[in-house]
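Trainee: fold the following and give me the result.
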Amino acid sequence: MNQRFAIIMGATSGIGLEVAKTLASLGWTVGIAGRRQELLQQLQRKQLNIVATECIDVTRDDAPERLQALIGKTGGMDLYFHSSGIGYQNTELDMERELRTVETNVLGMTRMVGAAFHYFEAHPERPARLAVISSIARTKGLGPAPAYSASKRYTSNYLEALAQLCHIRRLRHISITDIRPGFVRTALISGGNYPLQLQPEKVAKQIVKAMERGRSVVTIDWRYRLLVFFWQLCPRWLWVRMRIIKDA
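Mentor: As a prediction, this is how the structure comes out:
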């Protein structure tokens with residue numbers, strides 16, 4: 001089997017951490033990035049096949065250059081996996097939290113996914129996959145987390161647009177995967193009384209399986225696929241009157 005190279009953005013915790021470990025255990029050569037260098041180095045020491053780290057803040061202008069440096073240290077990039085995101089249960093509509101969410105989940109995601117897209121565009125000799133965590137929160141506007149749910153709708157639409165762009169420009173070697181997990185038991189949802197919480201280790205395995213099967217959109221897991229189906233049927237006038245998440 002040819003050597004396969006993966007870059008994981010947001011590998012210091014949660015889904016990104018578990019996906020990095022899963023890919024490394026399957027023989028991928030993995031480079032990891034995040035804002036906390038000490039956590040990246042700890043993971044590298046513990047996990048075989050994680051060969052390089054880079055401290056990257058996706059909200060900074062130098063993030064694409066740091067991504068290029070990580071690709072060089074890793075040896076290449078066949079998969080770019082973006083799991084760098086933040087969110088808050090923000091019923092008080094604290095503007096600092098709202099704008100910080102937009103800066104990371106919208107501007108930061110666009111910056112890094114765009115950089116990865118351009119890298120893949122310049123290297124047509126190998127199949128490439130660009131995979132990004134959105135969320136089931138993209139389905140409807142969530143009152144307890146306005147900026148978060150809106151940012152995830154943006155992410156999904158952006159990935160759909162890039163997939164269409166690949167067809168328009170005949171970039172057949174690039175594949176796009178929009179990953180829509182339900183509520184995963186991570187620091188992102190700590191402090192909230194969220195239902196049906198998923199374990200990040202199991203979510204990571206399902207994500208890797210979906211990517212290896214070439215899925216373009218995947219909702220995790222089956223319970224959330226059912227839930228999203230009914231959410232989509234709910235008319236707006238009814239939706240805005242519903243209490244989706246109970247107070248903690």
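Trainee: which elements pack onto the longest helix belonging to the chain?
Mentor: Among the segments of the chain that qualify as a helix by DSSP state H, the longest is helix 146-168. Where contact means 3 or more Cβ pairs under 8 Å, 6 or more residues apart in numbering; DSSP states H and E, helix 146-168 is packed against helix 95-102, helix 109-121, strand 128-133, strand 174-181. Bear in mind the C-beta positions are built from the backbone N, C-alpha and C, glycine included.
Trainee: what pLDDT does the residue nearest in space to the middle of the chain get?
Mentor: Most central in the chain under Cα atoms, centre = their mean is Ile133, positioned 2.5 Å from the mean C-alpha point. Note on Ile133: pLDDT of 96.
Trainee: how are the strands of this protein distributed by residue range?
Mentor: In the chain, the segments counted as strands under DSSP state E are 5-9, 29-34, 50-55, 79-82, 128-133, 174-181, 217-220.
Trainee: nearest to Ser149, of those?
Mentor: Closest to Ser149 of the strands of the chain, according to Cβ to Cβ: strand 174-181, at 12.0 Å.
Trainee: that closest one packs against which elements?
Mentor: Using 3+ Cβ pairs under 8 Å, 6+ apart: strand 174-181 touches helix 109-121, strand 128-133, helix 146-168, helix 200-212, strand 217-220, helix 222-233.
Trainee: contacts for stretch 43-57, please.
Mentor: Stretch 43-57 is contacted by residues 9, 11-12, 17, 20-21, 23-25, 27-37, 40-41, 63, 66-67, 69-70, 73-75 when judged by Cβ atoms under 8 Å, 6 or more residues apart in numbering.
Trainee: and it, how far from the chain's centre?
Mentor: When distances are taken as Cα atoms, centre = their mean, to the nearest Å, stretch 43-57 is centred 18 Å away from the chain's centroid.
Trainee: what of stretch 32-48?
Mentor: Per Cα atoms, centre = their mean, the displacement of stretch 32-48 from the mean C-alpha position of its chain is 18 Å.
Trainee: now stretch 80-100
Mentor: Centroid displacement of stretch 80-100 relative to its chain, using Cα atoms, centre = their mean, is 14 Å.
Trainee: next, the angle strand 174-181 makes with the longest helix of the chain.
Mentor: For helix 146-168 against strand 174-181, the angle by axes from the mean of the first three to the mean of the last three Cα atoms, to 10 degrees is 160 degrees.
Trainee: now do the buried residues in helix 146-168.
Mentor: By neighbour count on 16 or more other Cβ atoms under 10 Å, the buried set for helix 146-168 is 146-156, 158-159, 162-163, 166.
Trainee: isn't Asp221 right next to Arg180, touching?
Mentor: No - using Cβ atoms under 8 Å as the test, Asp221 is too far from Arg180 to be in contact (10.7 Å).
Trainee: among the two, which residue is more densely surrounded?
Mentor: Arg180 (21 against 15; other Cβ atoms under 10 Å).
Trainee: distance to Glu54 for the helices and strands packed on helix 146-168 - can I get that in JSON lines?
Mentor: Listed next are those as JSON lines, based on distance: least, Cβ to Cβ, whole Å:
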{"stretch": "helix 95-102", "distance to Glu54": "22"}
{"stretch": "helix 109-121", "distance to Glu54": "12"}
{"stretch": "strand 128-133", "distance to Glu54": "18"}
{"stretch": "strand 174-181", "distance to Glu54": "22"}
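Trainee: you'd agree Leu39 is up against Gly10?
Mentor: No - at 11.2 Å, Leu39 does not count as touching Gly10 under the criterion of Cβ under 8 Å.
Trainee: between these two, which one's more packed in?
Mentor: Gly10 (27 against 16).
Trainee: so what's the more buried one up against?
Mentor: Neighbouring residues of Gly10 by Cβ under 8 Å, 6+ apart: 16, 33-34, 82-85.
Trainee: between helix 109-121 and the longest helix of the chain, find me the angle.
Mentor: 20 degrees.
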